[in-house]
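S.K.: Sharing a model prediction with you, sequence too.
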Amino acid sequence: MSKREESRKYEEIIRLALERGFFMPSSEIYGDAPAGFWDYGPLGVGLKRKFIELWRRELVKRDGMLEIDGAQVLSKKVFQASGHLESFVDPIARCKRCKAIYRLDKLIEEKTGIHVPERMSLEEMRKIVKEHDIRCGRCGGELTEFSHFNMMFRLGIGVIGADAYLRPETCQNIFIDFLRIYKTMRKNLPFAIAQVGKSFRNEISPRQGLLRMREFYQAEIEVFFNPKKANEFPKAEPIMDYELRLQPIGKDEPLEVTCREALNSGLISCKLIAYYLSLIQQFYEKAGIPREKIRLRQLGEDEKAFYAVEAWDLEVETSLGWIELVACNNRGTHDLGGHQKFSGHEMEVLDDGEKVLPHVFELSMGVDRSIYCILENALDLEAGKPVLRLPPHLASIEVAVLPLLSKEPFTSKAREIYESLKLEFDVEYDDSGSIGRRYVRLDEIGVPICITVDHQTLEDNTVTLRFRDSALQLRADLEEIVDILKNHLRYSV
RNA sequence: GCGGCCGUCGUCUAGCCUGGUAGGACGCUGGCCCCCCGAGCCAGCGGUCCCGGGUUCAAAUCCCGGCGGCCGCACCA
């Protein structure tokens, strides 16, 4: 694909999204609409719901996870304990003269070569700036307004305006609810808690549509386990021959290695992690992303989040490069340990008579980014007219019912079929314009099957089924329609 | 946040330089036609010209500020 064709793909997705109602900028009719906020339209909602249903099926249900739905506003202490108040932060300074804003740590490292650790105080940085006479790189002005920019949205609760924050990741609910869930849901280690919901990050410069938003959906899974038993994991046996696409630190390309090989060679630290990496890779294959466009890239020390011990990013290749869709982190005891310390509640649990503070392995998925990647992957521009080749089980509209001619008795018969299907399937009725025009329009929004009422229907109660991906047509008796649809639209494994 | 380019019906765009009634294509709606892959004909709908301010008799057009978009830099726990 040429560079021009690549950028065209992104533009085509945006055009399709705006023109057909997948998603749109929020507050777009007002001039002061801030960047990084997007609304899902009718077709986007359907796609997102089905994507999340697939996640629920292939991860939550498959693995017997518990699911919660937590508050988006959490107290200040939650983020003291999680480290976000201190670490989810960039040190910045401003030029007195030209008002340019600099990342202080980056500026110091660039000018002096001094490595600035995460925890260096503003005072220390101010001292270094003074000693080395670091000035504005643009105009040579003096640096001022040393401060931390925290990327969490701060809120004031109630009349006194008590400090609270919109969660920057959904998983903190899982950690702070862990104790009650453990005590009430009768689970033993290892087990997982899942949650899908909104998170909020005050990005400095959000760009590229659904790929970087200030308000976005995450679907997160936190697996609690005893670190001593991370290799005693019978569930992993059936996937030991499954081939992961791993890209370890220092490699430029992913390797196809079975879980068994990855474990034997020490690429992956334990069976538990190999198992969950397999589940997440399989999930994206089932969402229609070709294997060769998926990789699990290991993150080095400089790239990992402040809480991560071992980190793999599931990435998908698009016209815009490799996009990070899922952060797979071993968070160790960072979170339960932090909450134990700050709340005073003991988070240790009994495992075979032994008290352990569970370790946590997470699969933190970006839903909106995934939706973009699925759309881009599905969009076929080769045919001259765009065709959205979504997996049938992700299509917002599953079936369209069309009278061949927009007149009686075809329309009544088609409406009758539409009425009989609309509660069980996501169906649309369309009688506008010519049949060819309707097929093209329905292809563009990814409807996998059309049912056409034609002359023969009136004689023998059969209809034409027309398939999006092949453009093939076949006749079917109305009696068997429901079975055919169910078969074509079900999750394929 | 910085620099460059840009912002006009749902979409793509002409008009901007050189100020004077916002035009086209596609789409959409209705009708005719009665049609299996964007047919044709007729009629119609659709625009705070991104927002605010300034200059002017007059601003889509010129100037300033803001917001947004794209590209590059930076950022992306």
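M.R.: Good, I have the coordinates. Since the model is a prediction, treat every value here as computed from it, not as a measurement.

S.K.: neighbours around whichever residue of the stretch 201-350 of chain A sits closest to RNA strand B, how many?
M.R.: The nearest approach of the stretch 201-350 of chain A to RNA strand B comes at residue A:305, 2.3 Å away (Cβ to the nearest atom of the strand). Placement of C-beta: from N, CA and C, glycine included. Per other Cβ atoms under 10 Å, the neighbour tally for residue A:305 reads 16.

S.K.: Residue A:87 now?
M.R.: 14.

S.K.: And for residue A:484?
M.R.: Residue A:484 has 15 neighbours, counted by other Cβ under 10 Å.

S.K.: Pretty sure it sits against residue A:465.
M.R.: Yes. Taking contacts as Cβ atoms under 8 Å, residue A:484 lies within contact range of residue A:465: 6.8 Å.

S.K.: Quick check, central residue of chain A?
M.R.: By Cα atoms, centre = their mean, chain A has its centre lying nearest to residue A:366, at 2.0 Å.

S.K.: pretty sure that one is in contact with residue A:212, am I right?
M.R.: No. Using Cβ under 8 Å, residue A:366 is not in contact with residue A:212; the gap is 9.5 Å.

S.K.: just to revisit the earlier point, so the residue nearest to the residue nearest to the centre of chain A when sequence neighbours are not counted is in which element?
M.R.: Spatial nearest neighbour of residue A:366, excluding adjacent residues (Cβ to Cβ, 6 or more residues apart in numbering): residue A:325 at 5.6 Å. Per DSSP states H and E, residue A:325 falls inside strand A:321-332.

S.K.: what's that strand packed up against?
M.R.: Under the contact definition 3 or more Cβ pairs under 8 Å, 6 or more residues apart in numbering; DSSP states H and E, strand A:321-332 sits against helix A:271-286, strand A:294-298, strand A:310-318, strand A:359-366, helix A:367-378.

S.K.: how big is the angle separating that strand from strand A:310-318?
M.R.: When axes from the mean of the first three to the mean of the last three Cα atoms, to 10 degrees is applied, the directions of strand A:321-332 and strand A:310-318 differ by 160 degrees.

S.K.: So what's the gap between whichever helix or strand comes after strand A:321-332 and the chain middle?
M.R.: Beyond strand A:321-332 in the direction of the C-terminus, DSSP H and E gives the next helix or strand as helix A:334-343. Counting by Cα atoms, centre = their mean, to the nearest Å, helix A:334-343 is centred 26 Å from the centre of its parent chain.

S.K.: Is any residue of helix A:334-343 near RNA strand B?
M.R.: No. With Cβ under 7 Å from any atom of the strand as the criterion, RNA strand B is not reached by helix A:334-343; the gap is at least 10.0 Å.

S.K.: helix or strand right after that helix?
M.R.: Downstream of helix A:334-343 (by DSSP H and E), the next one is strand A:349-351.

S.K.: Counting neighbours, which bits of that next one end up buried?
M.R.: If you call a residue buried by 16 or more other Cβ atoms under 10 Å, then strand A:349-351 has these buried ones: A:349, A:351.

S.K.: show me the contacts for residue A:175.
M.R.: By Cβ atoms under 8 Å, 6 or more residues apart in numbering, the residues touching residue A:175 are A:82, A:222, A:335-336, A:339, A:360.

S.K.: Return the closest of those residues with respect to residue A:290.
M.R.: Nearest to residue A:290 among those is residue A:222, at 28.9 Å by Cβ to Cβ.

S.K.: Quick check: residues of the stretch 351-493 of chain A near RNA strand B?
M.R.: Residues of the stretch 351-493 of chain A lying close to RNA strand B by Cβ under 7 Å from any atom of the strand are A:384-386, A:404-407, A:432-437, A:439-441, A:443, A:452, A:454-455, A:464, A:466, A:471-473.

S.K.: Can you go through these and name the buried ones?
M.R.: Neighbour-count burial (16+ other Cβ under 10 Å) is assigned, among those, to A:386, A:404, A:406, A:435, A:439-441, A:443, A:452, A:454, A:464, A:466.
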